[in-house]
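Novice: quick check, what structure comes out for this input:
(3 chains, ligands or ions: 2)
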Amino acid sequence: MLLFAIRRLIQAIPILLGVSLVVFGLVHIVPGNPIDMLLPPEASPEIIAQMKAAFGFDKPLYMQYLLWLLRAVQGDFGLSVFNATPVWGQLSAALQNTFVLAILGAALGFSMGILCGMVSALYHGRWPDKVFSAIATVGVSLPHYWCAIVLVLFCAVLHDWMPAQGMGDDSLPLYDRLQYLVLPVITLSLIPMGVIGRLVRATVLDIVGQDFVGALSAKGLTRWPVIRHIARNAAPPVLALMGLQFGYLLGGSILVETVFNWPGSGNLLNLAIFRRDIPVLQATILVLATFFVMLNLLVDIAQAAIDPRIRR
Amino acid sequence: MSASLKQDPHSPDPRDRGGPAQPLLIVDNLRKHFPVRGGLLNRQVATVQAVDDVSFSVRKGETLGIVGESGCGKSTTARLLMRLMEPDAGSVIFDGDPVGDRRGISVSDMRRQMQMVFQDSYTSLNPRMTMAESIAYAPRMHGLGRREAYDRAEDLLSRVGLNPRQYARRYPHELSGGQRQRVNIARALALEPRLVILDEAVAALDKSVEAQVLNLLTDLKQSLNLTYLFISHDLNVVEYMSDRVMVMYLGRVVEAGPVESIYRRPRHPYTRALFASKPTLDPDRRTTEMPLTGDPPNPINPPSGCRFRTRCAFAQPRCAETLPPLAAPFDGDTDGTHVVACHIPEAQSAMAVHHG
Amino acid sequence: MSDIAMGTPLVSRPDAPAAPAPGYWKSVGQRLLTDKTTIAVTLVLLGILFITLGAPLVTHYDPYHGSVLGRLKPIGTPGHWLGTDETGRDLWTRLCYGGRLSLLAAIMPVTISLIVGGFLGILAGYAGGIVGTLIMRTMDVFYAFPSILLAIAICGLLGNGLSNSIIALAVVFIPPMVRVSETVTTQSRNLDFVEAARASGTTTPQIIRYHVLANVLGPILVYATSLISVSIILSAGLSFLGLGVTPPQAEWGLMLNSLRQAIYVQPYVAALPGLMIFATSMCFNLMSDGFRSAMDVRLNK
Ligand SMILES: Nc1ncnc2c1ncn2[C@@H]1O[C@H](COP(=O)(O)OP(=O)(O)O)[C@@H](O)[C@H]1O
Ligand SMILES: [Mg+2]
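Specialist: Numbers count the residues shown, from 1 in each chain, chains lettered A, B, ... in the order given. Ligands and ions are numbered 1, 2, ... in the order given. You can find the predicted model right below:
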């Protein structure tokens, strides 16, 4: 088991290196230089040279990459070219906000998905199953940014139930600040709900069909050993999907954050793009992608811990 | 190539280059080891010695049976002969010509004269092709015209006992297992091969269907002047089909000889163990794995010396030290064609098991 | 030879089917024709295609011409049955014309990734070895990015515009496409009938053409159809962020973003473009489900 974990860890290294190369390389698929884009065209050559040296853009490309990578693994992403503050400071604040949303959204979405999946497997072919599979199909094709708008429309525009913009002030009492979370979290939870529910339903039906043909009844399914058996067998694929989905929540939050004006990493990325703030952009993507890789690694290891057959 | 197959089994085959005395196939020290990967960084941690220094020959017109427990390397041998995988070592001589050698014949020329029927009748047919398409496919790839190829496919269908009008345009899932295996046989015959490898070709069929297909194979062999390499784990079937038999254990040949001689007096303890656990004709007792006492064979890092010694009642220290070569039995009670790989005279001469 | 032909009874086989079945694609077609959901969904998609491509036939307004006086009219306004947008352009007209770019921006990336990713995946699956490993490890790297993030990053760096959004999404879709086609290719490569074809001396290109492609193309196309449904959401999302199509062009995501600003004035009008995105995406999703079950050939009995 430990061997498996170590092996997966080692296998992740080339992927992470590849990720860093892509993130670094992305910037250089655009013609021109980050400094040229930033400075007005009438800037004097000295100033340009000075700026380039300050941000390290005068070195050869591979040196730039190695230096950038070396600093990045130490958590030093340099200075924002927009306001010359440390990138990591901006990023960590934004990441915290994003994680609050993503974790709550995932918790809500995963539990709803598992519940719906179990219920529709239990009532296989009957109306709760049909209702849920309709909801799941809808959920998979729902543009979540539109969903966010519709939620705003109902809860903030037509009725004055919830605040719809930002995350509130530090001065507000906790209860009021929590209200700002409700709509974004509900929106985010819709992303994984349908997908997880579908998988849970299919997996449970598969397991039940294999092992106790015809024994599928409400009573049978709620007996503890049966539940444990099903959970054990259904957990690996569901866990894998959850890992992926959590990553999508982090990435997909950018659109939701835009609608709700939530000061998270998505918002930061958006700002960085419009300010052409390359260091911030690189750092945001690198950190999110690294997190995604590590998350999938954890999922792999967790899967193997649950089901020894997965270890090879 | 002409559309119809040659009809007269007695006319000389123009492809017969070596004459009747030249064995159709000579296999010399064929070897295939598969790496087993694992551990950190996916390093090679062990090898499966799937086929290890296997040598034998097949005479023109005979049927050589290969028998052994599942996992002993029968299919790997077949795939190596067809060059579906490259051997690690060893040579194959087809009718006097080394295969894949500059002085011999090319792999593609060899494949025209050597064809194979696989065990699973369903997966070995393309589910999107009709029976006629599947059979006509290879001849068309080799340049036969469309019309001629389909004529040949229909001719072959009727030869394997399927009415072309009824079956030519059907898809694999519309046929029964026995019917599909007939089509697979027809497909293997479409290039007019001289040698056909039948790898567990009847193993998946019901007993009654199996008998029909075996009879079909016997008839086809006569009328088309074929040579068979008949692979099976079923001793009854091998006895019925073969002129000579070769017994394999963990990638090596342990005994070989004429079918009567082997079945009347098996010399190798493993062969006798096989006979002792021979499945009966009772369909409920038919299994793929033959029951044998002792540890099951593990082709990963097999025992030193004689590979059977860990399950052998007669094993002595020298069995672990040296690999027994294939040689005439100690009692010499054969015409010289029966060979066995065993050091121990008592092991060879122990009571033969009566079978019937 | 007649004795062989007669050697075994044919008529008495209980499992012998009575009539020959139609060809594979024909039977797929027949199954599709009996699937009500797929038919309904296809009709809806054809309807959407009609109002977008045939926009001049269903509306006589100019999608780029509005009037300051007629801004943000509600749904049901005479002459503008779906109301008007923030510069007074007829919303129905904008929705019809907007579908052109939305569909283009969604379908193009999938087509590109289908060709590039399908090719790479079949290559990796069939060649295996170093080439296969190289291709698949490269794709693993791209897999490490959450898809929206990668699309936004590429699009943000290349600058906005239709073609850049298409490129960005194509890059995002190629890795999963490669994976799907590699998996199905590897599966069918190891099937006995491919080995049998190799054994009868068929060359590699011929095997790919006759045996692998036929079995691989179906699943890949099904997957591509389901990708279109994702692609519609993502491409509109890029425009929604201001990274895709640029104003004043009509495109559903872009319209959603600009109408969002007016949500307190005309709440329902603001939700309409999103409804179009949603409906189209769902139709493609259901269509792909329909294709999948119609093409389900029992490869493993
Ligand atoms: N492609 C392969 N890779 C690794 N091991 C293999 C491969 N093919 C066969 N083997 C191993 O080689 C041994 C012999 O297999 P096989 O020739 O199929 O046996 P048989 O046909 O006698 O049942 C088995 O242990 C099998 O696991
Ligand atoms: Mg085998």
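Novice: the stretch 1-150 of chain A: helices as residue ranges?
Specialist: Counting by DSSP state H, counting those that start in this stretch, one finds helices in the stretch 1-150 of chain A at the ranges A:2-28, A:34-38, A:45-55, A:61-73, A:87-122, A:127-140, A:144-152.
Novice: once you drop chain neighbours, what's closest to the one residue in the stretch 151-300 of chain A that gets nearest to ligand 1?
Specialist: Scanning the stretch 151-300 of chain A for proximity to ligand 1 using CB to the nearest ligand atom identifies residue A:300 as nearest, at 24.1 Å. Backbone N, C-alpha and C define where each C-beta goes, glycine included. Nearest residue to residue A:300, sequence neighbours excluded (CB to CB, 6 or more residues apart in numbering or on different chains): residue A:8, at 5.4 Å.
Novice: how many neighbours does the one you found have?
Specialist: For residue A:8, the neighbour count with other CB atoms under 10 Å in any protein chain shown is 16.
Novice: can I assume it is in contact with residue A:299?
Specialist: No: applying CB atoms under 8 Å, one finds residue A:8 not in contact with residue A:299, separated by 10.1 Å.
Novice: near chain C, which residues of the stretch 201-312 of chain A?
Specialist: Taking CB under 8 Å from any CB of the partner chain as the measure of proximity, the stretch 201-312 of chain A contacts chain C at A:247-248, A:250-252, A:254-255, A:258-259, A:269-270, A:272-274, A:281, A:285, A:288-289, A:292-293, A:296.
Novice: which element is the residue of the stretch 201-312 of chain A found nearest chain C on?
Specialist: Residue of the stretch 201-312 of chain A nearest chain C, by CB to the nearest CB: residue A:251 (2.9 Å). Using DSSP states H and E, residue A:251 maps to helix A:224-260.
Novice: in the helix or strand following that helix, what's buried?
Specialist: Counting by DSSP H and E, the next helix or strand C-terminal to helix A:224-260 is helix A:265-275. Along helix A:265-275, these residues count as buried under the neighbour rule (16 or more other CB atoms under 10 Å in any protein chain shown): A:265, A:266, A:267, A:268, A:269, A:270, A:271, A:272, A:273.
Novice: near residue 63, how many other residues are there?
Specialist: Here I'm looking at chain A. Residues lying near residue A:63 (other CB under 10 Å) number 11.
Novice: the intended chain is chain C.
Specialist: Residue C:63 has 21 nearby residues by other CB under 10 Å.
Novice: that one falls within a strand, correct?
Specialist: No: applying DSSP: H, G, I helix; E, B strand; the rest coil, one finds residue C:63 to be coil, outside a strand.
Novice: got a list of what the residue nearest the centre of chain B touches?
Specialist: By CA atoms, centre = their mean, chain B has its centre lying nearest to residue B:231, at 3.2 Å. The contact partners of residue B:231, by CB atoms under 8 Å, 6 or more residues apart in numbering or on different chains, come to B:65, B:66, B:67, B:74, B:75, B:77, B:78, B:197, B:198, B:199, B:200.
Novice: doesn't it lie inside a strand?
Specialist: Yes: counting by three-state DSSP, residue B:231 falls inside a strand.
Novice: the closest residue to residue C:92 other than its chain neighbours: what secondary structure?
Specialist: Distance criterion CB to CB, 6+ apart; nearest residue to residue C:92, sequence neighbours excluded, is residue C:82 at 4.3 Å. Under three-state DSSP, residue C:82 falls in the coil class.
Novice: returning to that earlier point: distance to chain B and pLDDT added to the buried residues of helix A:265-275, as a markdown table?
Specialist: Listed next are these as a markdown table, based on distance: CB to the nearest CB, whole Å; pLDDT from 0 to 100:
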| residue | distance to chain B | pLDDT |
| --- | --- | --- |
| A:265 | 34 | 85 |
| A:266 | 37 | 83 |
| A:267 | 41 | 83 |
| A:268 | 38 | 86 |
| A:269 | 36 | 86 |
| A:270 | 41 | 83 |
| A:271 | 42 | 84 |
| A:272 | 38 | 84 |
| A:273 | 39 | 83 |
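Novice: chain A contacts on the stretch 151-300 of chain C?
Specialist: For the stretch 151-300 of chain C, the contact set with chain A under CB under 8 Å from any CB comprises C:152-154, C:156-159, C:229, C:233, C:236-237, C:240-243, C:256, C:260, C:263-264, C:267-268, C:270-271, C:274-275, C:277-278, C:281-282, C:284-286, C:289.
Novice: need the buried ones from the residues you listed selected in PyMOL.
Specialist: Buried members of those, defined by 16+ other CB under 10 Å, are picked up in PyMOL with:
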select buried, chain C and resi 152+153+154+156+157+158+229+233+236+237+240+241+242+243+256+260+263+267+268+270+271+274+275+277+278+281+282+284+285+286+289
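Novice: return the subset of the residues of the stretch 151-300 of chain C next to chain A lying in helices.
Specialist: Among these, the ones falling in helices (DSSP state H) are C:152-154, C:156-158, C:229, C:233, C:236-237, C:240, C:256, C:260, C:267-268, C:270-271, C:274-275, C:277-278, C:281-282, C:284-286, C:289.
Novice: ok and the residue in the stretch 151-300 of chain C nearest chain A?
Specialist: Going by CB to the nearest CB, chain A is nearest to residue C:274 of the stretch 151-300 of chain C, at 3.0 Å.
Novice: which non-adjacent residue is nearest that residue?
Specialist: Distances taken as CB to CB, 6+ apart place residue A:146 nearest to residue C:274, at 3.0 Å, with adjacent residues excluded.
Novice: quick one: contacts for the one you found?
Specialist: Counting by CB under 8 Å, 6+ apart, residue A:146 touches C:256, C:271, C:274, C:275, C:277, C:278.
Novice: again with residue C:76
Specialist: Residue C:76 makes contact with residue C:83, according to CB under 8 Å, 6+ apart.
Novice: same question, the one 10 residues further on
Specialist: With contacts defined as CB under 8 Å, 6+ apart, the neighbours of residue C:86 are C:71, C:72, C:258, C:259, C:261, C:262.
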